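Chemist: Prediction below, plus the sequence it came from.
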Amino acid sequence: MPELPEVETVRSGLAPVLEGVRLARVEARRPDLRFALPTDFVQTLTGATVVTLERRAKYLLGRLDRQTTLVMHLGMSGRFEITRPEGQTRPGTFHYAPDLNPKHAHIVFETEVGDRVTYYDPRRFGYMSLIDTATLDQHPWFAGLGPEPLSDAFNPAHLRAAFAGRKQGPKTLLLDQRTVAGLGNIYVCEALNRARISPFKPAGGVRADRLAVLVPAIKAILTEAIAAGGSTLRDFAQTNGALGYFQHSFRTYDREGEACRNDGCKGVIHRQMQAGRSTFFCCACQA
């Protein structure tokens, strides 16, 4: 599933096409994705202007001039394609072509300037909805979310409070969206390795000096991944259809049996299942 950097990559690709632009035509080619679309989905969006396109955790938020926000989640295989009057625009290097089978083109947004944004989702695990902007933060999808990991609110003091007295491992708590919003399995594994913190030992026992290393490690990894276009494992592609390349910078994830890349460490990367997910960690510096 796309993680925060991948969703941010999509947001930054869509923003120049959608922000400040009126939607001239909207087509929903089916009544549902993962969940049913609102009955007024097309009616509300047609003629509306997307004031801003933002991201909260792994959600895209199109704030409309109608006191309503278009909420979009990519799910497992959701992706957007931008088509302009002069043709499809897909700058960048392509490792494989995106799935453009028309039967997977479920939602189409056409702007007043003639651009078209099409949402494809072969598995239909993604979803969209319309939520009142004034009460968005109280909606069940958002009410319990923790701070954004790249915000000032996410700091060592916040982690100390979240970890205090907890017996669960740090990885489990970092994946809990109530602790911090938007982190996923890949980047948590990477950050814990950089900070040399065990994914398994009780979070309440992590020293304050280690948390002071962990927070900037998380911020640095996310920033690097956003700049690189995300990790793009399996089905996921950027807005322009190209693959992200942060996976070439993985120090831990999917490197089972390889040497740890932390300075001075002679350990080997192991993989262990944890809460149904693969955890990659160094058996030496994260012991």
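Modeler: Received the coordinates, thanks. Predicted, not measured: the structure shown is a model, and the values here were computed from it.

Chemist: Pro199 against Leu175, yeah?
Modeler: No: using Cβ atoms under 8 Å, Pro199 is not in contact with Leu175; the gap is 10.1 Å. To be clear about C-beta, it is placed using only N, CA and C from the backbone, and glycine gets the same treatment.

Chemist: any chance you could map the helices in the stretch 101-250 of the chain?
Modeler: Listed in chain order, the helices of the stretch 101-250 of the chain (DSSP state H, counting those that start in this stretch) span 156-163, 170-175, 185-195, 208-228.

Chemist: tilt between the longest one and helix 156-163?
Modeler: With axes from the mean of the first three to the mean of the last three Cα atoms, to 10 degrees defining the directions, helix 208-228 sits at 110 degrees from helix 156-163.

Chemist: got a list of contacts for the very next helix or strand once past helix 208-228?
Modeler: Following helix 208-228 in sequence order, the next helix or strand is strand 269-274 (DSSP states H and E). The contact list for strand 269-274 (Cβ atoms under 8 Å, 6 or more residues apart in numbering) reads 169, 171-172, 199-200, 252, 255-260, 278-283.

Chemist: For strand 269-274, buried residues please.
Modeler: Within strand 269-274, the residues scored as buried using 16 or more other Cβ atoms under 10 Å are Ile269, His270, Arg271, Gln274.

Chemist: ok, of those residues, which one's closest to Leu4?
Modeler: Gln274 (19.9 Å; Cβ to Cβ).

Chemist: picking that back up, out of the contacts of strand 269-274, which end up buried?
Modeler: Among the contacts of strand 269-274, those classed as buried by 16+ other Cβ under 10 Å are Gly169, Lys171, Thr172, Pro199, Phe200, Thr252, Arg255, Cys260, Thr279, Phe280, Phe281, Cys282.

Chemist: And for Lys190, the neighbour number?
Modeler: Slight slip there: residue 190 is Glu, not Lys. Using other Cβ atoms under 10 Å, Glu190 has 25 other residues around it.

Chemist: Please disregard the earlier target; I meant Cys285.
Modeler: 19.

Chemist: The closest residue to Gly78 other than its chain neighbours and Ser12: what is the separation?
Modeler: Nearest residue to Gly78, sequence neighbours excluded (Cβ to Cβ, 6 or more residues apart in numbering): Gly126, at 3.3 Å. Look at Gly126 and Ser12: by Cβ to Cβ, to the nearest Å, they are 18 Å apart.

Chemist: These two: who's more crowded?
Modeler: Comparing Gly126 with Ser12 by other Cβ under 10 Å, the one with more neighbours is Gly126, at 23 against 15.

Chemist: Would you agree the more buried one is in contact with Gly75?
Modeler: Yes: in this structure, Gly126 is within contact of Gly75 by Cβ under 8 Å, at 3.4 Å.

Chemist: who's in contact with the nearest residue to Gly165 once chain neighbours are set aside?
Modeler: Spatial nearest neighbour of Gly165, excluding adjacent residues (Cβ to Cβ, 6+ apart): Gly204 at 4.8 Å. Residues in contact with Gly204 (Cβ under 8 Å, 6+ apart) are Phe163, Ala164, Gly165, Arg166, Lys167.
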